[in-house]
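[1] the following block contains a protein sequence and its predicted model.
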Amino acid sequence: MTQTGESTTAESKLRGRALVTGGTSGIGLSFARALASRGCDLVLVARDEARLVKTAEQLRWRYGVEVETIVADLSRRDDVAAVVARLTDPVSPVEVLVNNAGKGVHVPLLAEDTGEHEQALDLMVRAVLVLGGAAGRAMKARGHGVVVNVASVAGLIPMGGYSAIKSWVRTYSESLSLELQGSGVTVTALLPGWVRTEFHERAGIRASSIPDALWLDADRVVEDCLADVERGRVRSVPSKRFATLAFLAEHAPRPLVRRATAIIKGSRK
C-alpha cells in the first residue's frame, strides 16, 4: 500500500526501482514524485549535487521510499557510463527508466560554432541511445520493465535543432519498442507541449508569447503519461489540445506546417 492509499497491484508495470534522469526539477521531478507515490524506490540523476541531496531527502521523507543519487552530466561519456553501470547492476535492478534530462537549443543551424548543438546531441540523443539500450537489454533478460523517453510535440514541426533532436527521440522510442516487442519490456515516448516548469526560463523562451490555454501542468502531464504506460501505449500526448495539434502537425500538408511554424518562431523573437 502506498502513502497515497492506492494499492500497487502485481499487474502494474510501474513497480520496483525507477531511475529518472534530470529528476530534480520540472517534468523529471514530477516523474520522481509520481513513481514514489506508487511505491517505487528511486535513483535520481542530475548535475547539481546539492539539489540532488535536497530532493532525495524530501522524497524519502514524503513517500518513505529509498532514494539513491548519481551526480552526472549526461553530455559527458564517462558520466553516462556511470549511469549505465547502475542500470545494469543485477543486485538491485532498475525496472523503470525515465530518460528526461534535456536542455533548450536556440543556436541557429547556420551558426559557425556548433558546440551547443553537439552538446545537445550528446545529452538528448547519445545518452538516450546508450541508456535506453543498456536498460532495454537488462530488462529484456528479466522479462519485464519500462522505458519512458521524453520527446516533445516540437519534434513534429521544423523548429531547429531541438525539434530535430526530439523527432529522433520519438522515432527511436518506436523503433526500440519494436525490438523489445514480446519481451515484457515496454517503451513509451512522451510528447508534451508547453509545460509550466523552469525549463523555459533556462532556455530563454518568452513565456508571455505563449497563450495561457496552451500551458500544461507537469504533474498532470506525468500522470497522463504513466496511465498510457500502463495501457502499453508507445506514444503519449497529454491533453486533447496537444493531441489535436500533434495530429495536425503530422497529417497537414508540410508547406502549411512550415508556414505555421515560421509564425510561431516569429512570435517568440
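    Great, that's in hand. Residues are numbered from 1 along each chain as shown.
[2] what's downstream of the longest helix seen in the chain, the next helix or strand?
    Counting residues, the longest helix in the chain under DSSP state H turns out to be helix 161-179. For helix 161-179, the following helix or strand on the C-terminal side (DSSP states H and E) is strand 185-190.
[3] and the average pLDDT for that next one is what?
    Confidence over strand 185-190 (mean pLDDT, whole number) is 98.
[4] that strand to helix 161-179, inter-axis angle?
    160 degrees (axes from the mean of the first three to the mean of the last three CA atoms, to 10 degrees).
[5] circling back: can you list the buried residues in the longest helix of the chain?
    Across helix 161-179, burial judged by 16 or more other CB atoms under 10 Å covers 161-170, 172-173, 176-177. C-beta: built from backbone N, CA, C; applies to glycine.
[6] packing partners for it?
    Under the contact criterion of 3 or more CB pairs under 8 Å, 6 or more residues apart in numbering; DSSP states H and E, helix 161-179 touches helix 115-121, helix 127-142, strand 145-150, strand 185-190, strand 235-236.
[7] what's the second one in contact with?
    Under the contact criterion CB atoms under 8 Å, 6 or more residues apart in numbering, helix 127-142 has outside partners 19, 21, 74-75, 80, 83-84, 87-88, 90, 93-95, 97, 99, 101, 145-147, 149, 169, 172-173, 176, 179-180, 183-185, 187.
[8] quick one: buried ones out of the residues you listed?
    19, 21, 74-75, 80, 83-84, 87, 93-95, 97, 99, 101, 145-147, 149, 169, 172-173, 176, 180, 185, 187.
[9] point out where the chain drops to low pLDDT.
    Where the chain drops to pLDDT under 70, the residues are 1-10, 193-215, 264-269.
[10] at 50 what do you get?
    1-9, 199-200, 203, 206 (pLDDT under 50).
[11] what is the burial count for the spatially closest residue to residue 163 that is not a sequence neighbour?
    Using CB to CB, 6 or more residues apart in numbering and skipping residues adjacent in sequence, the residue nearest residue 163 is residue 154, 4.8 Å away. Per other CB atoms under 10 Å, the neighbour tally for residue 154 reads 22.
[12] residue 159 now?
    Residue 159: 19 neighbours (other CB under 10 Å).
[13] was I right to think it contacts residue 261?
    Yes: the criterion here is CB atoms under 8 Å, and residue 159 meets it with residue 261 at 5.8 Å.
[14] how far away is residue 49 from residue 24?
    Separation of residue 49 from residue 24 (CB to CB, to the nearest Å): 10 Å.
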